[in-house]
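**Student:** The sequence isn't on hand, but the structure is:
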């Protein structure tokens, strides 16, 4: 027997309201991700071909018939749904984990604050140590420390951070004893296991007493810490998520949470502390279903396809089987968009949280975290899918890849398949994109997304093998200021019918200056290649100066004068033909570089 609230035929959705309002609703929702989720849930895939199941074809026929009936809706059908009157949605009080730890002052960022660029940077050992001190109320004491004995590599950091390192060395009981040979390696990476150790010890759990180091991840999960497990080398966005998760947990040996302790220690303003206790909506991943939404305890959230925008059609026994989800204040991962969550007042007077207009529910047969027993029930109940990457239309560019907040994603043509060559200053300008929640969506297949491990141990998401990036000058959803930069950075059109093609791999070339001539009169290179000039003439100085001038009237490249045995390198990014000369011997010492 079907569950209550799920046994009416599909055309009841149409006849419960005025038919024209229904048509408007269908049109409005057709492009939303939850509608795409219905498409995914009601189709099977064979050899890449989507085949609608027979029962859903029949449902579509019935729905079409209902639309054609229009005004022929019987009175009894309307009365059966009087509880589904359209509700008015109000904005929910929703903050991301990044917003919460930033507003509390727990995460403080760099000179520019907690920016997207900062969040994308790798987390260092020094940052983790500072957060350990802050979460244990010791940061002020460390900054005021005047001891002079320090780690051998303390000179690599500024004066205030040197005080912190000296404090850590003077207090080995804190566990920050360095990496050996009197070194701390302040710029070294931090792994998920190491940061969970930091958080566990901030919660009063001690290594070798409460847990073994090699069991840190599993022990942390049992304590309620799991959001960054498996991330490997961390970036600052990971730190924000894990720290926000820890703040609401109890400290060992008492009934106080970590945020309560920080308030007592005056590390956090008591007037802001309540945000740390917001109910969390999180992302889970199922090997079959993909990524979906859960509550703080990992219990699956569902939507009902018979609901319409900001209106629940689930009442009476249906609401018993499918309890509503509601939270007054909500914390979400930064991968989700706070604007997608709202609150409605149901016909029974209760409040309910909505996601992109669809009311959220639990299922009474789900007993523990990870249960998805409500998926597909009577072909009208589904988990709330989440796709971290989607496709949007951009004027002048067509369809492009964006993240779940609408931020544009880019590829770098100097990269090769599954390899990123963007490092250091490049990475500052082009923060990497990483998600664990790529999924099937309109024009996208989850199988086209992959993960690579970068040179520093952190992870990056790829699309058809090409690493994905943001651009630091894109400040809001819809910006695409990185398109075409230096003719090597581009948005990605997933409907173009072919994989993004990296250019030829850049190489390094050598040109000798010998016998008052360049060793290669005509040199052909790939864009992005480096050319190194070396002077082999004893007693003479040479250089290499471009005939082509830039916008300021200066040579595109010009090395310094090189004495015998000295070298200098240039890099040419733009295709073209570059003639150049040696300045002291311009009349006869000339050559050409062709960049393809």
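**Tutor:** Thanks, I have it. Since this is a predicted model, take the numbers as computed values, not measurements.
**Student:** Just give the closest residue to residue 398, not the sequence neighbours.
**Tutor:** Residue nearest to residue 398 in three dimensions, not counting chain neighbours: residue 493, with 5.6 Å by C-beta to C-beta, 6 or more residues apart in numbering. Any C-beta I mention is one placed from the backbone N, CA and C, and that applies to glycine too.
**Student:** From residue 408, how far out is the one you found?
**Tutor:** Spatial separation of residue 493 from residue 408 under the definition C-beta to C-beta, to the nearest Å is 12 Å.
**Student:** same deal with residue 356?
**Tutor:** When distance is defined by C-beta to C-beta, residue 356 is 21 Å away from residue 408.
**Student:** follow-up on the earlier one: anything in contact with each of residue 493 and residue 408?
**Tutor:** With contacts defined as C-beta atoms under 8 Å, 6 or more residues apart in numbering, the residues adjacent to both residue 493 and residue 408 are residue 400.
**Student:** out of these two, which sits in the more crowded spot?
**Tutor:** Taking neighbours as other C-beta atoms under 10 Å, residue 493 and residue 408 compare with residue 408 leading, 24 against 17.
**Student:** now the nearest residue to that one once chain neighbours are set aside: how far from residue 304?
**Tutor:** Distances taken as C-beta to C-beta, 6+ apart put residue 480 closest to residue 408, at 4.7 Å, once the chain neighbours are dropped. Remark: distance between residue 480 and residue 304 (C-beta to C-beta) = 37 Å.
**Student:** what about residue 394, neighbour count?
**Tutor:** 16.
**Student:** And for residue 588?
**Tutor:** 9.
**Student:** That one and residue 516 touch, don't they?
**Tutor:** Yes. Between residue 588 and residue 516 there is a contact under C-beta atoms under 8 Å: 7.3 Å.
**Student:** Could you pull up phi and psi at the nearest residue to residue 430 once chain neighbours are set aside?
**Tutor:** Closest residue to residue 430 apart from its sequence neighbours, by C-beta to C-beta, 6+ apart: residue 469 at 4.3 Å. Comment: the main-chain dihedrals of residue 469 come out as phi -140, psi 160, following degrees, to the nearest 10.
**Student:** do the same with residue 103
**Tutor:** As for residue 103, its main-chain torsions (degrees, to the nearest 10) stand at phi -60, psi -30.
**Student:** Could you measure from it over to residue 589?
**Tutor:** Note on residue 103: its distance to residue 589, by C-beta to C-beta, is 63 Å.
**Student:** swap in residue 509?
**Tutor:** When C-beta to C-beta is applied, the distance between residue 509 and residue 589 equals 18 Å.
**Student:** Between the two, point out the one with more neighbours.
**Tutor:** Just comparing residue 509 and residue 589: by other C-beta under 10 Å the higher neighbour count belongs to residue 589, 19 against 16.
**Student:** Neighbours of the residue lying closest to that one once chain neighbours are set aside, how many?
**Tutor:** Of all residues not flanking residue 589 in the chain, residue 582 sits nearest, at 3.9 Å (C-beta to C-beta, 6+ apart). Close neighbours of residue 582, defined as other C-beta under 10 Å, add up to 26.
**Student:** Give the phi and psi angles for residue 264, as a check.
**Tutor:** Dihedral angles for residue 264 - degrees, to the nearest 10 - are phi -60, psi -40.
**Student:** who's in contact with it?
**Tutor:** When contacts are counted by C-beta under 8 Å, 6+ apart, residue 264 touches residue 256.
**Student:** State the distance from it to residue 199.
**Tutor:** Using C-beta to C-beta, residue 264 is found at 18 Å from residue 199.
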